[in-house]
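> below are the sequence and a predicted model; questions follow.
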Amino acid sequence: MSAKFIQIFGFAVTIVAIQVFTQLTDSSFHLTQFTMTAYYSLLVIGLCMLIGYAGQISLGHAGFFAIGGYMSAFLTTHNLAAMKGTPFIALLSKLGLLVERKDLYGGELLAFHPWSACILSVCTVLVIAYVIGGPVLKLKGHYLAMATLGFGIIIYRIVLGTSSLGAADGISGVPGFSIFPGVMIGGSGSGRILNYYVAWGIVIAGMTFLLNLIGSRVGRALSAIHGAEDAAEAMGIPTANYKLRVFVLSAGFAAVAGVLLTHYNGSIGPSEASVMKSVRYVAIVAIGGMTSLWGAISMSLILNYFSLRGSFGTYDDAVFGVILILIMLFAPDGLIRKQVLGDLKSYLKRIRSKAVAS
Amino acid sequence: MELLLQYIVAGVTYGTIYAIVAIGFNIIYNTTGIINFAQGEFVMLGGMTAFTLKEYLPLPVAIISAVIITMIIGALIEIVFIRWLHKPSVLRMIIITIGLSILIRETALHIWGEGVTALPYFTGTSVTSVNLGGVFVSPQVFWAVGISSIMVILLGIFFNFTLLGKQMRACSANREAARLCGISTRNMVTFSFMLSAGIGALGGCIVSPITYIQYDSGSQLAIKGFTVAILGGLGNSTAAVAAAMILGILESFSIWALPAAYKDVVSIAIMLIILFVKPSGLFGNAAAARLKEY
C-alpha cells in the first residue's frame, strides 16, 4: 500500500470518527457546520495547489466561489415560466435543462435543473479564470496580489450592486440539488448525515485527484516552477502554460464549492464574495504550510468549523488576522510540516547551550 | 457646461485623497521595496482619532495630535512587525501587511464601532459654497486641494534638500551602498513608515468632512491609492498626483453612464487594464520598471 493511500484512508477514518462521535454524544447538529466546512475545504485545497505548488498568490478566490454560487442560485430560482413560449426557452426545455416545480405559493415555477445550472456555472467560472488568468499570471509579487484582489472586489461590488442578484440580501430559496435519485444536497434536517458524507466524499475525491497530480509529471514541473521559475523555463517547462492550468483548476474547485454550498445552505449572500473571505482562505493555506495539502485541509477543518460555530464571536476576522501575522512572522513555512519536531529539538538545544554558556 | 465643471470639481476632490494615499504607498515602496497593504488604515486612523480628540481639543490641535498619534502607531508597527525580519520574501510581506490591515480595522471596529464619523467643515458648514462662475464649490475642497499641494511641495523640498530626505533617497537607490556610507537603513525604513502614516492621517482629517470615515474605509482607499500609484508609475509621487486627478475625474463621470454602486468597479477595472497593458504606469519608463523588483 502506498503512503498516499494510507493518508487518504486515515483522513476518511477521521471523517467517520467525527460523525460517530457526534452520534454518540447526541450532538449531530454539529454536522451542519462540518458539512459547510467540507465545501470551504474544497476551495482551500484548490487554492493550496495554486499558492503552494504553483507559487502564485490569489486574493480573489472568493470571487470564483461567488460566481459559481450566485450563478447556480440565479439559474435555479429565476422563473422562466413567463417566457415559456419563446423558442430559446422551448429549446432548453426540450434539451431537459429545465425543471418545473411549485414555488412557495403554489405558483408555477420553471427554472434550470440544478445539474444543468451547476455545469453551466462551473464552466462559466473556468472560462472566466482562463480569460483573466492569461494576463494576471504574467504579473508577479505585489502586482499579482493587487490584480487578484481587484478581481475579487469587482465581483463583490457587482453582486452587491445588482438588484437581480438580491443586492445586499443575496439570493435565497435555492432548491436542493439531488445529484443522484435519493441523494439530495440540501438543508433538510433528515439528510444531515447523508449530506455530511456526500460533502466529505467530494472533498476526498478532490484530494485524491490533487495528490495524484502532485505526484505526476505536472506536479514535478510545478515544484520546479515554485523553486526557480527561470530555471524551470530553461529546462523546457512551459511555465506560463502550467501556471494558467493550475489557476483554472483551482478556480474550478472554488466554483464547485460555491455551487454545492449554495444548494446546501439554500441561499448565498454578498459576504461570500468579500475580500475578507479571500484573505481567510489564504490564511488557512498559509497556516497549513503553503506546500502541504494535508496541512491546508486539516487547518481548514479546524478553523472553519470553529468560525462557523461562532466560537470567535465578534473577533472572527481579527482571529484570522492575528493568526496570519503570527504565522508569517514566526513560522513562514506553516505549522503543519515534518520538520516541526526537528525545529523544536534544535531550539531546545540552543536554549540549553545558552544556559550552559552563561 | 456647468454640470461638466461640477463633475470635474467632484473628481478633483476625490482625486486629492487618492493622491495622498498613493504618496504614502510610494514613500514606503521607495525605501523598502514593499507595498504596505495597510496604508488605507492610516487614513482611517487619522480621521477617527481626530474625531475623538476634537471633543476635548480645538480642531487644529486635534488634527495635529491625530497625525502625531498615527505617526507613532506607524513607527510602532514597523518596529514590532517588520524591522527585525531578515530579508523577507515579497509574498511574506504582502501577507503580513494584509494581516496588519485586518488587525487595525478590527481594533478600530471595537474602539469606535460601526458608526460613520465626520469632522466639522474647517470653514463654514456643509451647505456653504463658493460660486465660481456658476460652479458651486465647498470651501472644504479648497482646504483639501490647498493642504495637499503644500504637502507635495514640502515633500519635494524634504527629499531634495534635507539630509534626512537625501538619506532616504539613497536608501531607495541602493540599500547596500547607503549602509556603507553610514546611513542606518533600518531607521530610514521606520522613518518612512512614520512619514507615510502621518501623511495618510492628515489626508484622513482633510477629507473626513466631505467623504465621512468609518472603520472599514481604509481598504477601499488603499485599493484606489494603489491604482493611482500604478497609474502614475510606482514610486513616482508627482506622476501619482496627476494620475489621481485623472482617476478621480473618470470616476465622477462614470456615474453618468453607470449606477453609482459600480463606481469602484470602474476604477478597479482601470487598475487591471493598466497592470495588464502597461505595468510601468502612464508616465513610467517601461525599461526602468523591468529592472525593479516587485
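That came through, no problem.

> what's around the nearest residue to residue A:11 once chain neighbours are set aside, how many residues?
Closest residue to residue A:11 apart from its sequence neighbours, by CB to CB, 6 or more residues apart in numbering or on different chains: residue A:204 at 6.6 Å. For every residue, glycine as well, the C-beta is placed using N, CA and C. Neighbour count for residue A:204, taken as other CB atoms under 10 Å in any protein chain shown: 18.

> residue A:204: helix or strand, and which one exactly?
Assigned by DSSP states H and E, residue A:204 belongs to helix A:192-215.

> so for that helix, what gets flagged as buried?
A:192, A:195-200, A:202-204, A:206-207, A:210-211, A:213-214 (16 or more other CB atoms under 10 Å in any protein chain shown).

> show the pLDDT at the residue in the stretch 101-250 of chain B that chain A sits nearest to.
With CB to the nearest CB, the shortest gap between the stretch 101-250 of chain B and chain A falls at residue B:102, namely 3.2 Å. Residue B:102 is assigned a predicted lDDT (pLDDT) of 90.

> again, but for residue B:94
84.

> excluding residues flanking it in the chain, which one is nearest it?
Spatial nearest neighbour of residue B:94, chain neighbours left out: residue A:145 (4.9 Å); criterion: CB to CB, 6+ apart.

> now do residue B:142
Nearest to residue B:142 is residue B:130, by CB to CB, 6+ apart, at 7.5 Å.

> so who does that neighbour touch?
Residues in contact with residue B:130, defined by CB atoms under 8 Å, 6 or more residues apart in numbering or on different chains, are B:136-139, B:142.

> which elements pack onto whichever helix or strand residue B:265 is part of?
Residue B:265 is located in helix B:263-277, with elements delineated by DSSP H and E. For helix B:263-277, the packing partners by 3 or more CB pairs under 8 Å, 6 or more residues apart in numbering or on different chains; DSSP states H and E come out as helix A:114-136, helix A:141-161, helix B:217-232, helix B:237-257.

> from the chain's centroid, how far away is the helix or strand just after the second one?
Past helix A:141-161, heading to the C-terminal end, the next element that is a helix or strand (DSSP H and E) is strand A:171-172. On the basis of CA atoms, centre = their mean, to the nearest Å, the separation between the geometric centre of strand A:171-172 and that of its chain is 20 Å.

> repeat that for stretch A:208-223.
19 Å.

> what's the mean pLDDT across it?
Stretch A:208-223 comes out at a mean pLDDT of 88.

> list of residues touching the helix holding residue B:265?
Taking CB under 8 Å, 6+ apart as the rule, helix B:263-277 contacts A:135-136, A:138-139, A:143, A:146-147, A:150-151, A:153-154, A:157-158, A:161, B:220, B:223-224, B:226-227, B:230-231, B:247, B:250-251, B:254-255, B:258, B:281-282.

> how far is that helix from where the chain is centred?
18 Å.

> related to what we said a few turns ago, of all the helices and strands packed on helix B:263-277, which one is nearest residue B:9?
helix B:237-257 (8.6 Å; CB to CB).

> how much space is there between the residue nearest to residue A:117 when sequence neighbours are not counted and residue A:61?
Closest residue to residue A:117 apart from its sequence neighbours, by CB to CB, 6+ apart: residue A:75 at 3.9 Å. From residue A:75 across to residue A:61, the span is 22 Å (CB to CB, to the nearest Å).

> same question for residue A:266.
23 Å.

> between these two, tell me which one has more neighbours.
Remark: of residue A:266 and residue A:61, residue A:61 carries more neighbours, 32 against 17, as counted by other CB under 10 Å.

> return the alpha-carbon coordinates of stretch A:113-122 using CSV.
Provided in CSV are the C-alpha atoms of stretch A:113-122 (Å, rounded to 0.1, in the frame of the first residue of the first chain):
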residue,chain,number,x,y,z
HIS,A,113,-32.3,22.0,-13.2
PRO,A,114,-29.6,22.1,-10.5
TRP,A,115,-27.4,19.8,-12.6
SER,A,116,-27.5,22.0,-15.7
ALA,A,117,-27.1,25.1,-13.5
CYS,A,118,-24.1,23.5,-11.8
ILE,A,119,-22.4,22.6,-15.1
LEU,A,120,-23.1,25.9,-16.6
SER,A,121,-21.8,27.8,-13.6
VAL,A,122,-18.6,25.8,-13.3
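
> what mean pLDDT does it get?
89.

> which other residues reach it?
Applying CB under 8 Å, 6+ apart, the set of residues contacting stretch A:113-122 is A:67-69, A:71-72, A:75-76, A:96-99, A:112, A:175-179, A:252, A:255-256, A:258-260, A:263.

> just the strands in chain B please.
Per DSSP state E, chain B carries strands over the ranges B:130-132, B:135-137.

> okay, those, which one's buried deepest?
Comparing those by mean neighbour count (mean count of other CB atoms under 10 Å in any protein chain shown), strand B:135-137 ranks first with a mean of 16.
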